[in-house]
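K.L.:
I'd like to go over a predicted model; first the sequence, then the structure.
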Amino acid sequence: MRAVVYKGKNKVAVEEVPDPKIEDPGDAIIRITTAAICGSDLHMYDERSNAEKGTVFGHENQGTVEETGKGVVSIKKGDRVVLPFNIACGFCMNCTRGFTNACLTANPDAPTAGYGYAGMGPYRGGQAEFLRVPFADFNCLKLPGKPGDEFEDDFVLLADIFPTGWHAAELAKVKSGDSVAVFGAGPVGLLSAYSALIKGAAEVYVVDRAPDRLRRAESIGAVAIDFTAGDPVEQIKDRRAKNRKIQQALRPGEEKMAGVNCAIDAVGYQAVSSDDPEKEDPMQTIRQITELINPTGAIGLIGVYFDEDPGGVDKHAKKGEFVFPLGTLWNKGVSIGQGQAPVKQYNVYLRDLIIAGRAKPSFIVSHRLPLSLAAAAYAHFDKRGMGSGHEWTKVLLKPQADAA
C-alpha cells in the first residue's frame, strides 16, 4: 500500500510499504477514506521530536472496516468508523477510569499509545491506504452514513482535533457565561474556541497573527486578537475595560477581574517570540496567560510540551525544562490542567452533536487533497498560516482520490 513516510527533517514521501495484517484476534484492518494532517505531526516533521526515519505518519484516521480478527464482536466488514488517536486497551486501570490517553498496556515503553507518533508505541499511522487497529472493539467509533457524505470531513475530526479542543475547554473549566482567552488559532485553538462557545461562554478571545486563522475565529463568533498589533494581554484587557456594560456590572474591588476566567494555551513549546518572529520563546504564552488570568481562574495547557526537544532554544528547553511563573499562579489560586485528550471520553457525544447539526467542526478545513500530494501539503502546512496565497489551516488527505 501507499503511505506517508518520514524521511528526515522537513521531508516526507509517499512510498509503498507492506500492507497491514491481522496480528491479534482483537485487530481490525481499516480502509482509510480520510486522514488528517495534525499540527503535532509538524513537531516530528520539523525534527523537534525523537521520531525515527521510516515512521508512517497519521493519527487522525477514518475509514471502513476491511477485515476483523476472530475476537472482534461489535464491528464488521463495511462498517464506517473513526479511530481515537490514542490507542487504548479498555481494561487497564487508567482505561477503566476513562484515561485512555494514558493506557498502561498498549505501549510497552510508555503509559500512552497512538498511531504513527514518536514515543507512542510500535503502531504505524493512517496517512495511508490501510491501517491496523488493535483492540478494535474498544477503539472503533461506529459512524452513520457513507464515506464521502456531508459528514465525512466533520467525522474525521473526531479522531483528535475536536475532542482535543473540547478537552482544552474542560481543562480550563469553561462554563456558561465565562470569559475565555485562547492563545493560538491553529486547528486546536480554533476548536477550543468553538468548544467554549458551544459550552455557552459569554466572551471568547482568540490570539494569533495569521490573518486567515483569525478570520475563521471571527466566523464562529470569537473576538480575534492579532498579537502583531500589540501586547495581546493589554488588547484583551482594554477591550473589556471599554465595554461599558461589563464595567457597570462590577462592584468595588471587582476591577481586579479585568482579565478572563479561563485561558487555553493552544500554542505549546514552539511559541513565536513577539519581539522577534524569527525566534522561539517557549514560555511566552504561559507568561501572557499568567498575566491575563483572573484570580481563581483556570488554565488548560493543550499545546504540546515534549520532555525531549532536539531543537530547543537552550540546554534546558532541549530536556523540556522551563522557567514557569509558579509564584504568581499560586498567589492567584489558579488551577492548571494539562496533557493529551482522552478522546473516548468525548467522541460519542461530539459525534451526536455533529449528527444533530449542533456542531460543524469542519469549518477549520482549508484543503482536501489526494494522498499523493502529502509532501507538498506538509510543506505548506508547516508555514502555520503565514504562507503567501492560500492559507493552510487544516489539511485532509483522501487516499481513495488518487485511484479515482
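P.N.:
All right, it came through fine.

K.L.:
Give the ranges of residues in the stretch 151-300 of the chain that sit below the confidence cut-off.
P.N.:
Applying pLDDT under 70 to the stretch 151-300 of the chain flags no residue at all.

K.L.:
Can you show me the helices along it?
P.N.:
If DSSP state H, counting those that start in this stretch is used as the criterion, the helices of the stretch 151-300 of the chain fall at 152-155, 161-171, 187-198, 211-219, 232-241, 244-248, 284-292.

K.L.:
Throw the ones you listed into JSON lines and include mean neighbour count, thanks.
P.N.:
C-beta coordinates here come from the backbone N, C-alpha and C atoms, glycine included. Below are these laid out as JSON lines (neighbours: other C-beta atoms under 10 Å):
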{"stretch": "helix 152-155", "mean neighbour count": "23"}
{"stretch": "helix 161-171", "mean neighbour count": "27"}
{"stretch": "helix 187-198", "mean neighbour count": "28"}
{"stretch": "helix 211-219", "mean neighbour count": "18"}
{"stretch": "helix 232-241", "mean neighbour count": "17"}
{"stretch": "helix 244-248", "mean neighbour count": "10"}
{"stretch": "helix 284-292", "mean neighbour count": "22"}
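
K.L.:
Break this structure down into its structural domains.
P.N.:
Structural domains assigned to the chain are 2-160+342-403, 162-338, following automatic domain parsing.

K.L.:
coming back round to it: could you dump the helices of the stretch 151-300 of the chain into CSV with distance to Q340 added?
P.N.:
Shown next, in CSV, are these (distance: least, C-beta to C-beta, whole Å):
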stretch, distance to Q340
helix 152-155, 20
helix 161-171, 8
helix 187-198, 11
helix 211-219, 23
helix 232-241, 26
helix 244-248, 35
helix 284-292, 18
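
K.L.:
Out of those helices, flag the one nearest R351.
P.N.:
helix 152-155 (7.0 Å; C-beta to C-beta).

K.L.:
Show me what that closest one packs onto, helices and strands only.
P.N.:
Under the contact definition 3 or more C-beta pairs under 8 Å, 6 or more residues apart in numbering; DSSP states H and E, helix 152-155 sits against strand 28-37, helix 347-355.

K.L.:
Put the alpha carbons of that helix into PDB.
P.N.:
Provided in PDB are the C-alpha atoms of helix 152-155 (Å, rounded to 0.1, in the frame of the first residue of the first chain):
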ATOM      1  CA  GLU A 152     -17.100  12.900   6.100                       C
ATOM      2  CA  ASP A 153     -14.900  15.900   7.000                       C
ATOM      3  CA  ASP A 154     -16.600  16.500  10.300                       C
ATOM      4  CA  PHE A 155     -16.400  12.900  11.500                       C
END
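
K.L.:
Show me the contact partners of that helix.
P.N.:
Outside helix 152-155, the residues that touch it by C-beta atoms under 8 Å, 6 or more residues apart in numbering are 33-34, 62, 82, 143, 351, 354, 359-362, 365, 368, 396.

K.L.:
Return the residues in contact with L190.
P.N.:
By C-beta under 8 Å, 6+ apart, the neighbours of L190 are 165, 206, 213, 216-217, 220, 363-364, 393.

K.L.:
For D41, state which of these is nearest.
P.N.:
Among the contacts of L190, and counting by C-beta to C-beta, the member closest to D41 is T393, at 14.3 Å.

K.L.:
was I right about that closest one contacting V365?
P.N.:
Yes: here T393 lies in contact with V365, judged by C-beta atoms under 8 Å, at a distance of 7.4 Å.

K.L.:
For the stretch 1-150 of the chain, just list every one of the helices.
P.N.:
41-45, 93-96, 136-139.

K.L.:
For A374, find the nearest of those.
P.N.:
Short answer: helix 41-45, nearest of the helices of the stretch 1-150 of the chain by C-beta to C-beta, at 10.4 Å.

K.L.:
And for the closest residue to A298 other than its chain neighbours, the neighbour number?
P.N.:
Leaving aside its sequence neighbours, A298 sits nearest to K173 (C-beta to C-beta, 6 or more residues apart in numbering; 3.9 Å). The local packing of K173 (other C-beta atoms under 10 Å) involves 15 other residues.

K.L.:
Output the below-cut-off pLDDT ranges for the stretch 301-404 of the chain.
P.N.:
Using pLDDT under 70, the stretch 301-404 of the chain drops low at 385, 387-390, 403-404.

K.L.:
all strands for it, in order.
P.N.:
335-338, 367-370, 395-398 (DSSP state E, counting those that start in this stretch).

K.L.:
With the stretch 51-200 of the chain instead?
P.N.:
With DSSP E, counting those that start in this stretch as the criterion, the stretch 51-200 of the chain has strands spanning 60-68, 80-83, 130-133, 141-142, 179-183.

K.L.:
What strands flank the third one, and is each parallel or antiparallel?
P.N.:
In the sheet, strand 130-133 lines up against strand 28-37 (antiparallel) (DSSP bridges).

K.L.:
got the angle between the partner strand and helix 161-171?
P.N.:
If you take axes from the mean of the first three to the mean of the last three C-alpha atoms, to 10 degrees, strand 28-37 sits at 70 degrees to helix 161-171.

K.L.:
Kindly calculate the angle that strand 28-37 makes with helix 187-198.
P.N.:
Using the same axes, to 10 degrees: strand 28-37 against helix 187-198 is 90 degrees.

K.L.:
didn't T285 look like it was pressed against V182?
P.N.:
No: assessed by C-beta under 8 Å, T285 is found out of contact with V182, at 10.5 Å.

K.L.:
Counting neighbours, which bits of stretch 111-122 end up buried?
P.N.:
112-121 (16 or more other C-beta atoms under 10 Å).
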